[in-house]
Structures are given as structure tokens and as C-alpha cells.
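Peer 1: What follows is a predicted structure for the sequence shown.
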Amino acid sequence: MRLQTVPALAEVRALPRYLVRTVPESFLDQNEHMNIQHYLGLYDEAGLPFLDSLGIDRSYFVDRRLGVFDLEHHLWYLDECHAGDQVAVYGRMLGRSDKRMHAVWFLVNETRERLSNVFEFITSHADLNARRTAPFPPDVTQKLDAMIDEHRALGWTAPTCGIMSP
């Protein structure tokens, strides 16, 4: 990622917000800032409301026997988070194929008014009975496409590592 591609906080905050948390003491490492494992944990926790927004909820997994799983991640650390800081995860969809989606999410340290971390990922869709990748169903692709179109119209380029694509 290139430093000049970092969006302004106002641009990030215009995206859907999927999680707000206060960093607990238990998230700190020996350097007294949030440990690496908790960045990914916060993004994972934000995944549930994001998936719900696409109609991928518990019944999607249990009744429809469809699901998703991550294939690739890129994390970019920009600023520290400390105990007591309020942080929020915002998400931007970049694209999709028939079986995969590509997005970039942002961890904003709301207390310190700084972008702390950028998380780029590729997620694949799966048929849970066949245990194989499978195309997204039309109800999900409609929602994904609407989100992708909305985010492409934002007027700023999302930072990416440059090697991921759906």
C-alpha cells in the first residue's frame, strides 16, 4: 500500500460501520498497545453484522447450507490503540467474482481521531454440503453489487496491497 492512498477520516466514516468497541486492558501486549491478534479479532467480530447486511445469517448457514470463508488477508498498521480507546470498524466493498468478494476495512481509533489499521481481504463463498466453493446466490449478488456500485461512486481510491483480486 502507498501512503498517499490513505483516506481521510471523514471519507472512512461515510462507509458502513460494523463494530464499535472499547479496547480492554486484556488486549494489550508488553509494549502497552493493542496486540496484533486483536486487530484481526475485531475484524472477525465485525464480519457478523456485515454478513447479516448481505442476508448471510445463521439460517443461511444452517438451512441453506451455504457459507463463506476467508482466503487471504493483508493488514497494514498505521497507529497504535491503547486500553480505553474506542475503536470502530468501517467497510468498503471493492469487487466480486461469481464465488469471491474483495473488500477493505478500516479500524478507526475514534478516541484519538486516527486511522489505526487497514484490513484487505478476499472471502470465498461455499456450498457446505459439497464442502467446495460455489457461486453466490442471486439474492446475495444483488446486495453485493449494490454495495460495490455505491462504494465505487465515493470519489476516493481505497488503499490496497495491489496483488489481491476476486
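Peer 2: Looks like it arrived, so ask away.

Peer 1: Output the longest strand belonging to the protein.
Peer 2: When the chain is parsed with DSSP state E, its longest strand is strand 114-127.

Peer 1: can you pull out the strands in the protein?
Peer 2: Secondary structure of the chain (DSSP E): strands at 17-22, 66-77, 86-96, 100-109, 114-127, 132-133.

Peer 1: Show me what the third one pairs with in its sheet, parallel or antiparallel.
Peer 2: Each strand that strand 86-96 pairs with, and the sense of that pairing, follows from DSSP bridges: strand 17-22 (antiparallel), strand 100-109 (antiparallel).

Peer 1: any idea of the mean pLDDT for the first one?
Peer 2: For strand 17-22, the per-residue pLDDT values average out at 98.

Peer 1: for stretch 102-116, same thing?
Peer 2: Model confidence over stretch 102-116, given as mean pLDDT, is 98.

Peer 1: Also stretch 147-166?
Peer 2: 92.

Peer 1: Pull out the buried positions in it.
Peer 2: Buried residues in stretch 147-166, counted by 16 or more other CB atoms under 10 Å: 147, 148, 151, 158, 159, 160, 164, 166. Using the backbone N, CA and C atoms, a C-beta is placed for each residue, glycine as well.

Peer 1: Dead centre of the protein: give me the residue that sits there.
Peer 2: Nearest residue to the geometric centre of the chain (CA atoms, centre = their mean): residue 105, 3.9 Å.

Peer 1: pretty sure that one contacts residue 89?
Peer 2: Yes. Using CB atoms under 8 Å, residue 105 is in contact with residue 89, at 5.7 Å.

Peer 1: what residues are shared contacts of the two?
Peer 2: Here residue 105 and residue 89 have 18, 43, 46 as joint contacts, going by CB atoms under 8 Å, 6 or more residues apart in numbering.

Peer 1: In this structure the last one contacts residue 20, no?
Peer 2: Just to be clear, that refers to residue 46. No. Residue 46 is not in contact with residue 20 according to CB under 8 Å; the separation is 9.4 Å.

Peer 1: which residues are contacting stretch 142-150?
Peer 2: Here stretch 142-150 makes contact (CB under 8 Å, 6+ apart) with 53, 54, 55, 93, 94, 95, 96, 101, 136.

Peer 1: count of neighbours near the fourth one?
Peer 2: I take that to be residue 93. 25 (other CB atoms under 10 Å).
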